[in-house]
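**Q** Output the structure for:
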Amino acid sequence: MTTDLSKVADEKGIRYFLISFVDLFGVLRAKLVPARAIGDMQEAGAGFAGFAAWLDMTPAHPDMFGMPDPDSLIQLPWKPEVGWLAADLYMDGAPVAASPRVALKAQLARAGEAGYRMKTGVECEYFLISRDGESISDPDDCQPKPCYDQQALMRRYDVVSEICDSMVELGWGPYQNDHEDANGQFEMNWDYDDALKTADRHVFFKYMVKAIAEKHGLRATFMPKPFPNLTGNGCHTHVSFWSPDGKTNLFADPSGELGMSDLAYKFLGGVLHSAPALCALFNPTINSYKRINGSVTLSGATWSPNTVTYGGNNRTHMVRIPDAGRFELRLMDGATNPYLSPAAVLAAGLDGIANNRDPGKRLDIDMYAEGAKLKGVKKLPLNLLDALRLLEKSSVVREGLGTDLVDSYIKLKTTEWRSYTAALSPWERANTLDC
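**A** Just a heads-up that it's a prediction; the model follows:
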């Protein structure tokens, strides 16, 4: 039985609902709907003009409707009279296939038909910076190795604790908060869950962190590389497959290498096979490639990969197997789309299973120190344009996510690349003005 949002509004004291969707660029869009109208919106959807968002539509397209998912409802802890709802996009009565949440649900349906239920967890790193975006917000946070620095963490206690208290109130199961490897950088972890639920929470988490930071006179950014000398923002993603009832971990096998099943390694083979093309989705901005191909930072390590390798409990590889039954994918960054990212992982993993893709032998070396000595290892693209060209040629991603979505994404991102290359940077003027 579908939840009646009008009754929920009365029971919970919700006066307004945010009916939200995420576009292809990961931008969170919404309409603010008074509770008196939520019944109509639940039945017919909130109307949007698709051209006004990054969805590769024109002004001539008909109305697009965001159908709110009642199961996604989150009451804003800092403003409980407002309820947030994730929406699926429809046009002319059909789902908009080239929209991120619809794409993820389609992949989950494919996996479900094969008897798989994907669970994910994300580690969202972010910086607390000045409102003008020019510097970190805490000038005393200046250690060369600031990771886990208690003093710096506690100087931002008011912000971090409010975010964590909100997650506790929402029932997400947060279990640790820390100061990360860069000055001004933080990470907060909560329990893994079904992939769609994690994706919805990921979207809301980014909004919540920014909103609470603003309450405290600060600004939060998930930008992949906001400061050239500091470690960038990753979004490490943990992935596992479960039985349809969610009780049996299909990636776990006590007799398998590192406690991983044959199914898991085929899934991994698929991810490794398509990783260079997937960069366009996992690392979706021009700035992303300053993180995955960055120089050594102030702390001594970038903590991000630039080659397609995997290892055991070893953070220098693109994929880490921290313990039995799950993979940690370390390629994604803070700009990754919370819906497209797991959808792409799932499409690649299902391809690996269907085609028995072999991930090869794991590498038990320090990739940061010894990676340059290896021969024949696939490299990740050096920039967004290279990644988009690889995505365009990927039959795996096209067959998985659909040609409409892939073509729309490439078209819009190529336009963004052209805008970037048309702009003159201070570096260009400093180095080529007198040539």
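**Q** Run the chain-centre distance for the one helix or strand Leu405 maps to.
**A** Assigned by DSSP states H and E, Leu405 belongs to helix 403-422. In terms of C-alpha atoms, centre = their mean, to the nearest Å, the gap separating the centre of helix 403-422 from the centre of its chain is 19 Å.
**Q** Check which element follows that helix along the chain.
**A** Next helix or strand after helix 403-422 toward the C-terminus (DSSP H and E): helix 426-432.
**Q** List of residues touching the helix holding Leu405?
**A** Helix 403-422 is touched from outside by 24-25, 54-56, 97-99, 103, 280-281, 284, 286, 340, 384-385, 388, 391-392, 394, 397-398, with contacts defined as C-beta atoms under 8 Å, 6 or more residues apart in numbering. For every residue, glycine as well, the C-beta is placed using N, CA and C.
**Q** rerun at 10 Å
**A** Helix 403-422 has contacts (C-beta atoms under 10 Å, 6 or more residues apart in numbering) with 23-25, 54-57, 96-100, 102-103, 106, 277, 280-281, 284-287, 337, 340, 343, 383-385, 387-389, 391-392, 394, 397-402.
**Q** Just give the number of residues close to Asp88.
**A** Around Asp88 there are 18 other residues, counting by other C-beta atoms under 10 Å.
**Q** repeat for the one 3 residues further on
**A** The local packing count at Met91 equals 18, with neighbours defined by other C-beta under 10 Å.
**Q** Same question for Cys147.
**A** 17.
**Q** Contact partners for it?
**A** Asp178, His179, Glu180, Asp181, Ala182, Asn183, Gln185, Glu187, Thr231, Ser299, Trp303 are the contacts of Cys147 under C-beta under 10 Å, 6+ apart.
**Q** For it, report the pLDDT, please.
**A** For Cys147, the pLDDT comes out at 97.
**Q** same thing with Met1?
**A** On the pLDDT scale, Met1 gets 65.
**Q** Can you list the low-confidence ranges for the protein?
**A** 1 (pLDDT under 70).
**Q** Now do the helices in it.
**A** 5-12, 38-44, 100-113, 150-155, 157-170, 195-215, 262-282, 289-292, 340-354, 367-370, 384-393, 395-401, 403-422, 426-432 (DSSP state H).
**Q** With mean neighbour count and distance to Met318 as extra columns, can I get the ones you listed in CSV?
**A** As requested, these are exported to CSV (neighbours: other C-beta atoms under 10 Å; distance: least, C-beta to C-beta, whole Å):
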stretch, mean neighbour count, distance to Met318
helix 5-12, 15, 42
helix 38-44, 16, 42
helix 100-113, 20, 21
helix 150-155, 15, 28
helix 157-170, 17, 28
helix 195-215, 21, 20
helix 262-282, 24, 7
helix 289-292, 24, 9
helix 340-354, 26, 12
helix 367-370, 14, 9
helix 384-393, 19, 14
helix 395-401, 20, 17
helix 403-422, 16, 22
helix 426-432, 9, 29
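**Q** Distance to Phe222 added to those helices, as JSON lines?
**A** Shown next, in JSON lines, are these (distance: least, C-beta to C-beta, whole Å):
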{"stretch": "helix 5-12", "distance to Phe222": "29"}
{"stretch": "helix 38-44", "distance to Phe222": "29"}
{"stretch": "helix 100-113", "distance to Phe222": "16"}
{"stretch": "helix 150-155", "distance to Phe222": "19"}
{"stretch": "helix 157-170", "distance to Phe222": "13"}
{"stretch": "helix 195-215", "distance to Phe222": "6"}
{"stretch": "helix 262-282", "distance to Phe222": "14"}
{"stretch": "helix 289-292", "distance to Phe222": "12"}
{"stretch": "helix 340-354", "distance to Phe222": "13"}
{"stretch": "helix 367-370", "distance to Phe222": "24"}
{"stretch": "helix 384-393", "distance to Phe222": "17"}
{"stretch": "helix 395-401", "distance to Phe222": "23"}
{"stretch": "helix 403-422", "distance to Phe222": "17"}
{"stretch": "helix 426-432", "distance to Phe222": "24"}
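**Q** Quick one: closest of these to Gly121.
**A** helix 195-215 (6.4 Å; C-beta to C-beta).
**Q** Distance from stretch 176-185 to the middle of the chain?
**A** The answer for stretch 176-185 is 18 Å, by C-alpha atoms, centre = their mean.
**Q** Counting neighbours, which bits of that stretch end up buried?
**A** Buried residues in stretch 176-185, counted by 16 or more other C-beta atoms under 10 Å: Asn177, Asp178, His179, Glu180, Asp181, Ala182, Asn183, Gly184, Gln185.
**Q** Now for those residues: which two are most distant?
**A** Spatially, the most separated pair among the buried residues of stretch 176-185 is Asn177 and Asn183, at 16.7 Å (C-beta to C-beta).
**Q** So which of the helices of the chain is nearest Leu73?
**A** helix 5-12 (6.9 Å).
**Q** From the contact counts, what lies against the closest one?
**A** Helix 5-12 is packed against strand 16-22, helix 38-44, strand 82-91, with contacts defined by 3 or more C-beta pairs under 10 Å, 6 or more residues apart in numbering; DSSP states H and E.
**Q** Turn those into CSV, including distance to Asp351.
**A** Compiled in CSV, these are given as follows (distance: least, C-beta to C-beta, whole Å):
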stretch, distance to Asp351
strand 16-22, 24
helix 38-44, 36
strand 82-91, 25
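**Q** Among these, which comes closest to Pro224?
**A** Nearest of these to Pro224, taken as C-beta to C-beta: strand 16-22 at 17.4 Å.
**Q** Which strands and helices lie in contact with the closest one?
**A** Contacts defined by 3+ C-beta pairs under 10 Å, 6+ apart place strand 16-22 against helix 5-12, strand 28-34, helix 38-44, strand 46-48, strand 64-68, strand 82-91, helix 100-113, helix 195-215.
**Q** Any chance of JSON lines for these, columns distance to Thr421?
**A** Output for the helices and strands packed on strand 16-22, formatted as JSON lines (distance: least, C-beta to C-beta, whole Å):
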{"stretch": "helix 5-12", "distance to Thr421": "46"}
{"stretch": "strand 28-34", "distance to Thr421": "27"}
{"stretch": "helix 38-44", "distance to Thr421": "42"}
{"stretch": "strand 46-48", "distance to Thr421": "31"}
{"stretch": "strand 64-68", "distance to Thr421": "31"}
{"stretch": "strand 82-91", "distance to Thr421": "31"}
{"stretch": "helix 100-113", "distance to Thr421": "26"}
{"stretch": "helix 195-215", "distance to Thr421": "28"}
